[in-house]
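Trainee: Prediction below, plus the sequence it came from.
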Amino acid sequence: MVHIITKLELGGAQQNTLYTLGHLDQNLFRPFLITNNGGILVPEALALKGVRTSLIPELIREVNPLTDIMSLFKIKGILKDIKRGDSSPMIVHTHSSKAGIVGRWAARWARADIIIHTIHGFGFHDYQPSPVRNFLIFLEKLTARITDKFIAVSRANIKTGVDLGIFLPQKAVLIRSGIEIEEFTGVMVKKQKKKGELGVEPALPLVTMIGPLKPQKAPLDYVEVAHLVLQEKEASFVLVGNGVLKKRVQRKVEGLGLGKRFRLLGWRRDISEILAATDIFVLTSLWEGLPRVLPQAMAMGIPVVATSVDGTPEAVVPGVNGFLVEPKDLRGAAEKVIYLLDHPDEARRLGERGREMVDEFDIHKMVREQEGLYQKLLKEKEMEVT
């Protein structure tokens, strides 16, 4: 059972992949991981008990024909070595766009028995130049021909794949990106003390966004939303994450004069504690799969203001557990945040309703459903794990 993912940054796809590898039934599956040698989660991967991890520096997110070809042949060699040393059927399960393309072709040429790809959101989107987007769709269509099954974290991603002719409906299955619900429902934090630790005013309501600082998440839009809110209301804003847009975010915060009302926290390990101190959660993404940070906020009873993209409306229901706005509708997002700040009882009601809706995103359920899919595909091919 080989999982392949591009880079182990602190993201939902990466964390869920490691959780799956660490919780597979090792009486049935022998887990392997192939990934880049960078990323904050590499030490966690190397510490997984019973999991053999191979690190490939050439497996990078950016398109580079030379390193892409090198990574393909390296992955193929690792898979062939695994196959020679293990008589069990080989299942290769890829994640993320680059590893999804390179890894599936390497698996094909290494004669893997079953090839699965999880769509955590597609690599193409409406904000790309048409030639780039069309080329990426072509690659997905071509690689789908050698893929036995697709897992999608949202119904929206399945619809996109079917509508674009990448795969037929029966070739995809919905398995939600899971969270450890008990980690979030059981956390006990003194809100004012935690706010003080984060460097924000303890007495003010806290608005939070969590995500990598890259174009997909539109962190600059979040800064602008904060600016619009702060023109009318007293509140604090934090942004948890890091990435290529960090310097631009810092310059925008300084240029708008947000001062101590906006804190850029970088990557953090205390996400559940930060959410426990949060009053409103915001997500300004331009495209998504279904971000697991939304059920994390829901589990903590926090109302959400998010952009209505891809799978997000499958977690956030307007007027039930939060509000949705169109991407780039910064004024609309700010107005929803202001409304929640002005109506704390309504904010608490929305948050509590979100807490009641989170069971669908149980990470233990996610692992069981993946194991069930593996066994179903083996049975269909009349194979057995030995």
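Mentor: Alright, I've got the coordinates.
Trainee: Could I get the full set of helices for the stretch 251-386 of the chain?
Mentor: 271-276, 293-299, 330-342, 344-356, 363-380 (DSSP state H, counting those that start in this stretch).
Trainee: Please name whichever of the ones you listed is nearest to Ala45.
Mentor: helix 363-380 (16.5 Å; Cβ to Cβ). Quick note: C-beta positions are derived from backbone N, CA and C, even for glycine.
Trainee: can you pull the buried residues of the closest one?
Mentor: Ile363, Met366, Val367, Glu369, Gln370, Glu371, Leu373, Tyr374, Gln375, Leu377, Leu378 (16 or more other Cβ atoms under 10 Å).
Trainee: Also stretch 234-242?
Mentor: Neighbour-count burial for stretch 234-242 [16+ other Cβ under 10 Å]: Ala235, Ser236, Phe237, Val238, Leu239, Val240, Gly241, Asn242.
Trainee: Now tell me which helix or strand of this structure has the poorest mean pLDDT.
Mentor: helix 181-185 (a mean of 91; mean pLDDT, DSSP states H and E).
Trainee: Downstream of that helix, the next helix or strand is which one?
Mentor: helix 191-197 (DSSP states H and E).
Trainee: Provide the strand pairings for the helix or strand following that following helix, with the direction of each partner.
Mentor: Counting by DSSP H and E, the element after helix 191-197 in chain order, helix or strand, is strand 206-210. Pairing partners of strand 206-210, with direction, according to DSSP bridges: strand 236-240 (parallel), strand 280-283 (parallel).
Trainee: Distance to Phe138 and mean pLDDT for those strands - can I get that in a markdown table?
Mentor: Compiled in a markdown table, the strands paired with strand 206-210 are given as follows (distance: least, Cβ to Cβ, whole Å; pLDDT from 0 to 100):
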| stretch | distance to Phe138 | mean pLDDT |
| --- | --- | --- |
| strand 236-240 | 36 | 98 |
| strand 280-283 | 30 | 98 |
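Trainee: any chance of the ones you listed in CSV, with distance to Leu24 too?
Mentor: Shown next, in CSV, are those (distance: least, Cβ to Cβ, whole Å):
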stretch, distance to Leu24
strand 236-240, 29
strand 280-283, 30
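Trainee: how does the protein divide into domains?
Mentor: The record's domain parsing of the chain by automatic domain parsing lists 2-178+362-380, 181-361.
Trainee: Can you check the distance spanned by the first one, start to finish?
Mentor: Pointing back at domain 2-178+362-380 there. Distance across domain 2-178+362-380, first residue to last, is 19 Å (Cα to Cα, to the nearest Å).
Trainee: Output the below-cut-off pLDDT ranges for this structure.
Mentor: 383-386 (pLDDT under 70).
Trainee: Can you get me a residue count around Arg263?
Mentor: Counted with other Cβ atoms under 10 Å, the neighbours of Arg263 add up to 19.
Trainee: now do Ile280
Mentor: The burial count for Ile280: 28, using other Cβ under 10 Å.
Trainee: which residues sit in contact with the closest residue to it other than its chain neighbours?
Mentor: Among residues not flanking Ile280 along the chain, Val207 sits closest, at 4.7 Å (Cβ to Cβ, 6 or more residues apart in numbering). By Cβ atoms under 8 Å, 6 or more residues apart in numbering, the residues touching Val207 are Ala226, Val229, Ala235, Ser236, Phe237, Val238, Thr278, Asp279, Ile280, Phe281, Val282, Val337.
Trainee: hey, where'd the strands end up in the protein?
Mentor: 2-5, 32-35, 52-55, 91-95, 114-119, 149-152, 172-174, 206-210, 236-240, 262-266, 280-283, 304-307, 322-325 (DSSP state E).
Trainee: hang on, the earlier thing: between the helices of the stretch 251-386 of the chain, which one is closest to Ser177.
Mentor: Short answer: helix 363-380, nearest of the helices of the stretch 251-386 of the chain by Cβ to Cβ, at 7.0 Å.
Trainee: Remind me what that closest one packs against, helices and strands.
Mentor: helix 12-23, strand 91-95, strand 114-119, strand 149-152 (3 or more Cβ pairs under 8 Å, 6 or more residues apart in numbering; DSSP states H and E).
Trainee: Run the chain-centre distance for it.
Mentor: 20 Å (Cα atoms, centre = their mean, to the nearest Å).
Trainee: just the angle between that helix and strand 114-119, please?
Mentor: 150 degrees (axes from the mean of the first three to the mean of the last three Cα atoms, to 10 degrees).
Trainee: got the angle for helix 363-380 vs strand 91-95?
Mentor: 140 degrees.
Trainee: residues in contact with helix 363-380?
Mentor: 1, 16, 19-20, 23-25, 28-29, 89, 91, 93, 114, 116, 148-149, 151, 173, 175-181, 384-385.
Trainee: if I read this right, Lys260 contacts Lys195, doesn't it?
Mentor: No. The pair Lys260 and Lys195 does not pass the contact test of Cβ atoms under 8 Å, sitting 11.8 Å apart.
Trainee: Find residues that contact each of these two.
Mentor: Glu201, Ser236.
Trainee: Name all residues that make contact with the closest residue to Leu294 other than its chain neighbours.
Mentor: The shortest distance from Leu294 to any non-neighbouring residue, by Cβ to Cβ, 6+ apart, is to Ala315 (4.4 Å). Taking Cβ under 8 Å, 6+ apart, we find Ala315 in contact with Leu290, Leu294, Pro295, Met298, Val304, Met357, Phe361.
Trainee: now Ala315: how far from Ala299?
Mentor: 11 Å (Cβ to Cβ, to the nearest Å).
Trainee: any common contacting residues for those two?
Mentor: Phe361.
Trainee: Count residues in the vicinity of the residue nearest to Leu275 when sequence neighbours are not counted, would you?
Mentor: What sits nearest to Leu275 in space, not counting adjacent residues and going by Cβ to Cβ, 6+ apart, is Met300, at 4.5 Å. By the criterion of other Cβ under 10 Å, Met300 has 23 neighbours.
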